[in-house]
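Student: dropping a prediction and its sequence here:
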Amino acid sequence: MAEHARYKYRGCRFVTLTFSDDELSPFWIGEGSFCHSQRFEDFDIALIVRRFLERVRKLTGKSVRHVFIPEFGSSPDGTHRLHLHGILFDCFLKVEFLEKLWKHGFIHVHSYCDARTSGYITKYMTKDLATRTPVFVSSGIGSNLVTASLRRKFERYLRSLKEDLRLNFNGFLYGMPLYVYNKISDWIERFSISLRRNPLEFAGIEWSDMSALEEYKDYLRTLHSPPPLRPKLDPRHLPVILTEFDF
(Lines give C-alpha, C1' and ligand atoms only; values in the text may rest on other atoms or scores of the structure.)
Protein backbone atom coordinates (compact mmCIF):
# COMPACT_ATOMS: atom_id res chain seq x y z
CA MET A 1 0.00 0.00 0.00
CA ALA A 2 2.84 2.37 0.82
CA GLU A 3 4.54 1.55 -2.46
CA HIS A 4 1.24 2.11 -4.29
CA ALA A 5 0.95 5.52 -2.60
CA ARG A 6 4.46 6.40 -3.83
CA TYR A 7 3.04 6.45 -7.38
CA LYS A 8 -0.14 8.35 -6.47
CA TYR A 9 -2.22 5.15 -6.68
CA ARG A 10 -1.66 4.92 -10.43
CA GLY A 11 0.16 2.53 -12.73
CA CYS A 12 0.14 -0.60 -10.59
CA ARG A 13 -0.80 -3.96 -12.08
CA PHE A 14 -2.04 -6.89 -10.00
CA VAL A 15 -1.42 -10.06 -12.03
CA THR A 16 -1.80 -13.82 -11.77
CA LEU A 17 0.56 -15.91 -13.91
CA THR A 18 -0.35 -19.51 -14.76
CA PHE A 19 1.44 -22.29 -16.65
CA SER A 20 0.64 -25.00 -19.14
CA ASP A 21 2.33 -28.38 -18.59
CA ASP A 22 4.57 -27.92 -21.60
CA GLU A 23 5.76 -24.52 -20.40
CA LEU A 24 6.22 -25.49 -16.76
CA SER A 25 8.27 -28.65 -17.29
CA PRO A 26 11.46 -26.77 -18.42
CA PHE A 27 11.61 -25.15 -14.96
CA TRP A 28 11.47 -28.49 -13.15
CA ILE A 29 14.60 -29.01 -11.04
CA GLY A 30 13.26 -31.75 -8.77
CA GLU A 31 14.34 -35.37 -8.79
CA GLY A 32 13.11 -37.64 -11.56
CA SER A 33 10.79 -36.66 -14.37
CA PHE A 34 8.44 -33.71 -14.29
CA CYS A 35 5.38 -34.11 -12.09
CA HIS A 36 2.85 -31.90 -10.31
CA SER A 37 4.86 -31.49 -7.14
CA GLN A 38 3.72 -29.28 -4.28
CA ARG A 39 7.21 -28.32 -3.21
CA PHE A 40 8.49 -24.90 -4.21
CA GLU A 41 12.09 -26.13 -4.25
CA ASP A 42 11.24 -28.50 -7.14
CA PHE A 43 10.83 -25.53 -9.50
CA ASP A 44 13.23 -22.77 -10.49
CA ILE A 45 10.77 -20.02 -9.57
CA ALA A 46 13.49 -17.36 -9.39
CA LEU A 47 14.32 -17.97 -13.04
CA ILE A 48 10.64 -17.73 -14.00
CA VAL A 49 10.24 -14.35 -12.28
CA ARG A 50 13.55 -13.01 -13.60
CA ARG A 51 12.77 -13.84 -17.23
CA PHE A 52 9.36 -12.22 -17.04
CA LEU A 53 10.77 -9.06 -15.44
CA GLU A 54 13.53 -8.90 -18.04
CA ARG A 55 10.90 -8.86 -20.80
CA VAL A 56 9.05 -6.08 -18.98
CA ARG A 57 12.27 -4.11 -18.57
CA LYS A 58 13.16 -4.54 -22.25
CA LEU A 59 9.77 -3.15 -23.28
CA THR A 60 9.51 -0.31 -20.73
CA GLY A 61 13.19 0.63 -20.60
CA LYS A 62 13.35 0.43 -16.80
CA SER A 63 13.43 -2.08 -13.98
CA VAL A 64 9.93 -2.37 -12.53
CA ARG A 65 9.54 -2.67 -8.78
CA HIS A 66 7.57 -5.76 -7.93
CA VAL A 67 6.29 -8.38 -5.50
CA PHE A 68 5.70 -12.00 -6.59
CA ILE A 69 4.48 -14.93 -4.52
CA PRO A 70 4.06 -18.50 -5.84
CA GLU A 71 1.16 -20.75 -4.91
CA PHE A 72 -0.03 -24.24 -5.72
CA GLY A 73 -3.64 -24.33 -6.86
CA SER A 74 -6.14 -27.16 -6.62
CA SER A 75 -8.45 -28.64 -9.23
CA PRO A 76 -11.00 -31.49 -9.39
CA ASP A 77 -8.57 -33.74 -11.28
CA GLY A 78 -6.13 -33.66 -8.37
CA THR A 79 -3.44 -31.54 -9.99
CA HIS A 80 -1.85 -28.75 -8.01
CA ARG A 81 -0.52 -26.47 -10.69
CA LEU A 82 2.04 -23.83 -9.78
CA HIS A 83 1.06 -20.21 -10.43
CA LEU A 84 2.20 -16.80 -9.23
CA HIS A 85 0.46 -13.74 -7.83
CA GLY A 86 2.25 -10.44 -8.18
CA ILE A 87 2.18 -6.68 -8.31
CA LEU A 88 4.06 -4.54 -10.81
CA PHE A 89 4.53 -0.99 -9.53
CA ASP A 90 4.74 2.08 -11.77
CA CYS A 91 3.86 -0.06 -14.77
CA PHE A 92 1.48 1.41 -17.33
CA LEU A 93 1.60 -1.44 -19.83
CA LYS A 94 -1.74 -2.37 -21.33
CA VAL A 95 -3.19 -5.83 -20.78
CA GLU A 96 -2.44 -6.99 -24.32
CA PHE A 97 1.25 -6.16 -23.93
CA LEU A 98 1.49 -8.05 -20.63
CA GLU A 99 -0.19 -11.03 -22.27
CA LYS A 100 2.49 -11.05 -24.96
CA LEU A 101 5.29 -10.82 -22.39
CA TRP A 102 4.07 -13.84 -20.41
CA LYS A 103 4.92 -16.78 -22.64
CA HIS A 104 4.24 -19.74 -20.34
CA GLY A 105 0.47 -19.90 -20.13
CA PHE A 106 -2.38 -17.59 -19.20
CA ILE A 107 -2.02 -14.21 -17.47
CA HIS A 108 -4.89 -12.53 -15.66
CA VAL A 109 -4.59 -8.80 -15.06
CA HIS A 110 -6.99 -7.85 -12.29
CA SER A 111 -9.16 -4.78 -12.63
CA TYR A 112 -8.04 -3.33 -9.29
CA CYS A 113 -4.88 -2.76 -7.25
CA ASP A 114 -5.65 -1.37 -3.80
CA ALA A 115 -5.90 -2.36 -0.13
CA ARG A 116 -7.66 -5.57 -1.16
CA THR A 117 -4.60 -6.51 -3.17
CA SER A 118 -2.34 -5.98 -0.15
CA GLY A 119 -4.55 -8.27 1.91
CA TYR A 120 -4.65 -10.84 -0.86
CA ILE A 121 -0.86 -10.94 -1.28
CA THR A 122 -0.28 -11.01 2.50
CA LYS A 123 -2.70 -13.91 2.83
CA TYR A 124 -0.61 -16.04 0.51
CA MET A 125 2.62 -14.99 2.24
CA THR A 126 1.28 -16.39 5.52
CA LYS A 127 -0.99 -19.12 4.14
CA ASP A 128 1.23 -22.00 5.19
CA LEU A 129 4.25 -21.01 7.24
CA ALA A 130 5.46 -24.61 7.30
CA THR A 131 6.17 -24.58 3.54
CA ARG A 132 8.16 -21.33 3.76
CA THR A 133 6.60 -19.70 0.74
CA PRO A 134 9.33 -17.82 -1.16
CA VAL A 135 8.72 -14.14 -1.79
CA PHE A 136 10.34 -12.30 -4.70
CA VAL A 137 10.33 -8.61 -3.93
CA SER A 138 12.25 -5.48 -4.88
CA SER A 139 14.39 -3.99 -2.13
CA GLY A 140 13.00 -1.02 -0.26
CA ILE A 141 9.30 -1.65 -0.88
CA GLY A 142 7.40 0.76 1.37
CA SER A 143 10.54 2.64 2.42
CA ASN A 144 8.86 5.91 1.44
CA LEU A 145 6.86 5.65 4.68
CA VAL A 146 9.90 6.57 6.77
CA THR A 147 10.10 10.32 6.23
CA ALA A 148 11.19 13.33 8.23
CA SER A 149 7.55 14.41 8.62
CA LEU A 150 6.64 11.01 10.10
CA ARG A 151 9.53 11.31 12.55
CA ARG A 152 8.30 14.79 13.60
CA LYS A 153 4.83 13.32 14.03
CA PHE A 154 6.29 10.63 16.26
CA GLU A 155 8.17 13.24 18.32
CA ARG A 156 4.87 15.06 18.92
CA TYR A 157 3.40 11.72 19.99
CA LEU A 158 6.25 11.27 22.50
CA ARG A 159 5.40 14.60 24.09
CA SER A 160 1.65 14.06 24.47
CA LEU A 161 0.70 10.46 23.50
CA LYS A 162 -2.26 12.10 21.73
CA GLU A 163 -0.91 12.31 18.19
CA ASP A 164 -2.67 9.98 15.76
CA LEU A 165 0.01 7.61 14.42
CA ARG A 166 -2.28 5.95 11.90
CA LEU A 167 -1.28 6.24 8.25
CA ASN A 168 -3.59 7.59 5.56
CA PHE A 169 -3.72 5.58 2.35
CA ASN A 170 -6.06 6.93 -0.28
CA GLY A 171 -8.48 8.27 2.34
CA PHE A 172 -8.41 5.25 4.67
CA LEU A 173 -6.58 5.12 8.01
CA TYR A 174 -4.41 2.12 8.87
CA GLY A 175 -2.31 1.30 11.90
CA MET A 176 1.41 1.99 11.60
CA PRO A 177 3.29 -1.20 10.62
CA LEU A 178 5.58 -2.51 13.34
CA TYR A 179 8.69 -2.35 11.15
CA VAL A 180 8.05 1.37 10.49
CA TYR A 181 7.41 2.02 14.19
CA ASN A 182 10.74 0.35 15.03
CA LYS A 183 12.47 2.28 12.24
CA ILE A 184 11.53 5.76 13.47
CA SER A 185 12.10 5.07 17.17
CA ASP A 186 14.70 3.48 19.40
CA TRP A 187 14.01 0.95 22.14
CA ILE A 188 14.33 3.53 24.92
CA GLU A 189 11.61 5.69 23.35
CA ARG A 190 9.36 2.65 22.99
CA PHE A 191 10.10 1.70 26.59
CA SER A 192 9.25 5.19 27.85
CA ILE A 193 5.93 5.06 25.96
CA SER A 194 5.04 1.77 27.62
CA LEU A 195 5.89 3.24 31.03
CA ARG A 196 3.65 6.25 30.44
CA ARG A 197 0.79 4.10 29.20
CA ASN A 198 1.05 1.66 32.11
CA PRO A 199 2.74 3.35 35.09
CA LEU A 200 4.29 0.92 37.57
CA GLU A 201 1.94 1.93 40.37
CA PHE A 202 2.86 -1.10 42.45
CA ALA A 203 6.43 0.24 42.59
CA GLY A 204 5.33 3.79 43.26
CA ILE A 205 6.65 5.09 39.92
CA GLU A 206 4.63 7.91 38.42
CA TRP A 207 5.68 10.10 35.53
CA SER A 208 3.70 13.22 36.25
CA ASP A 209 6.93 15.17 35.81
CA MET A 210 8.12 14.66 32.22
CA SER A 211 11.59 15.94 33.08
CA ALA A 212 11.99 12.98 35.45
CA LEU A 213 11.16 10.62 32.61
CA GLU A 214 13.69 12.31 30.34
CA GLU A 215 16.36 11.96 33.04
CA TYR A 216 15.50 8.30 33.38
CA LYS A 217 15.82 7.81 29.60
CA ASP A 218 19.23 9.50 29.64
CA TYR A 219 20.23 7.20 32.48
CA LEU A 220 19.20 4.15 30.44
CA ARG A 221 21.17 5.38 27.45
CA THR A 222 24.23 5.75 29.69
CA LEU A 223 23.86 2.20 30.95
CA HIS A 224 23.48 0.76 27.46
CA SER A 225 25.88 2.96 25.55
CA PRO A 226 28.18 1.00 23.22
CA PRO A 227 31.69 0.33 24.54
CA PRO A 228 34.45 2.60 23.25
CA LEU A 229 36.36 1.32 20.26
CA ARG A 230 39.69 -0.22 21.10
CA PRO A 231 42.61 1.42 19.25
CA LYS A 232 44.11 -0.65 16.49
CA LEU A 233 47.58 -1.90 17.29
CA ASP A 234 50.41 -1.30 14.89
CA PRO A 235 52.07 -4.69 14.22
CA ARG A 236 55.45 -2.94 14.24
CA HIS A 237 54.94 -2.09 17.92
CA LEU A 238 53.90 -5.56 19.08
CA PRO A 239 56.31 -7.39 21.38
CA VAL A 240 58.41 -10.14 19.80
CA ILE A 241 57.57 -13.58 21.17
CA LEU A 242 60.30 -16.16 20.71
CA THR A 243 59.43 -19.76 20.08
CA GLU A 244 61.57 -22.87 20.14
CA PHE A 245 61.97 -22.58 16.37
CA ASP A 246 63.65 -19.18 16.69
CA PHE A 247 66.71 -20.56 18.52
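Tutor: Thanks, I have the structure now. Here the structure is a predicted model, which means the values were calculated and not measured.

Student: domains for the chain, by residue range?
Tutor: Domain ranges of the chain: 2-137, 146-223, per automatic domain parsing.

Student: could you list the low-pLDDT ranges of the chain?
Tutor: 1-9, 75-79, 127-131, 169-170, 195-210, 212-213, 220, 223-247 (pLDDT under 70).

Student: count of residues packed around residue 120?
Tutor: Using other CB atoms under 10 Å, residue 120 has 14 neighbouring residues. Where C-beta positions appear, they are placed from N, C-alpha and C, glycine not excepted.

Student: over to residue 49?
Tutor: 18.

Student: can you pull the contacts of it?
Tutor: 66, 68, 84, 86, 136 (CB atoms under 8 Å, 6 or more residues apart in numbering).

Student: and the residue nearest the centre of the chain, helix, strand or coil?
Tutor: For the chain, the residue nearest the mean C-alpha position is residue 141 (6.2 Å; CA atoms, centre = their mean). Reduced to three states with DSSP: H, G, I helix; E, B strand; the rest coil, the structure at residue 141 is coil.

Student: name the strands paired with the helix or strand harbouring residue 71 and say parallel or antiparallel.
Tutor: According to DSSP states H and E, residue 71 maps onto strand 66-72. With DSSP bridges as the test, strand 66-72 is paired with strand 82-88 (antiparallel), strand 136-137 (antiparallel).

Student: turn these into a markdown table, including distance to residue 47.
Tutor: Putting the strands paired with strand 66-72 into a markdown table (distance: least, CB to CB, whole Å) gives the following:
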| stretch | distance to residue 47 |
| --- | --- |
| strand 82-88 | 12 |
| strand 136-137 | 11 |
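
Student: so which of those is the most packed in?
Tutor: Of the strands paired with strand 66-72, the one with the most neighbours on average (mean count of other CB atoms under 10 Å) is strand 82-88, at a mean of 22.

Student: enumerate the positions of the helix ranked longest in the chain that are buried.
Tutor: In the chain, with assignment by DSSP state H, the single longest helix is helix 45-60. For helix 45-60, a neighbour-count test (16 or more other CB atoms under 10 Å) marks 45, 48, 49, 51, 52, 53, 55, 56, 60 as buried.

Student: do the same with stretch 87-105
Tutor: 87, 88, 89, 90, 91, 93, 98, 101, 102, 104, 105.

Student: just the ones in strands from those residues, please.
Tutor: 87, 88 (DSSP state E).

Student: which two in the buried residues of stretch 87-105 are spaced the farthest apart?
Tutor: 90 and 105 (25.1 Å; CB to CB).

Student: ok, residues contacting the one helix or strand residue 96 maps to?
Tutor: Using DSSP H and E, residue 96 maps to helix 95-101. Contacting residues not belonging to helix 95-101 are listed as 13, 15, 52, 55, 56, 59, 93, 107, 109 [CB under 8 Å, 6+ apart].

Student: my read: residue 115 touches residue 171, true?
Tutor: No. At 10.4 Å, residue 115 does not count as touching residue 171 under the criterion of CB atoms under 8 Å.

Student: neighbours of the residue nearest to residue 182 when sequence neighbours are not counted, just the number please.
Tutor: Leaving aside its chain neighbours, residue 182 sits nearest to residue 190 (7.8 Å; criterion: CB to CB, 6 or more residues apart in numbering). A count of nearby residues for residue 190, using other CB under 10 Å, gives 12.

Student: now, which of the buried residues of helix 45-60 sits nearest residue 80?
Tutor: For the buried residues of helix 45-60, the minimum distance to residue 80 (CB to CB) is 14.6 Å, reached by residue 45.

Student: the closest one against residue 133, yeah?
Tutor: No. With contacts counted by CB under 8 Å, residue 45 stays clear of residue 133, the gap being 10.2 Å.

Student: what residues do these two have in common as contacts?
Tutor: With CB under 8 Å, 6+ apart, residue 45 and residue 133 have common neighbours residue 70.
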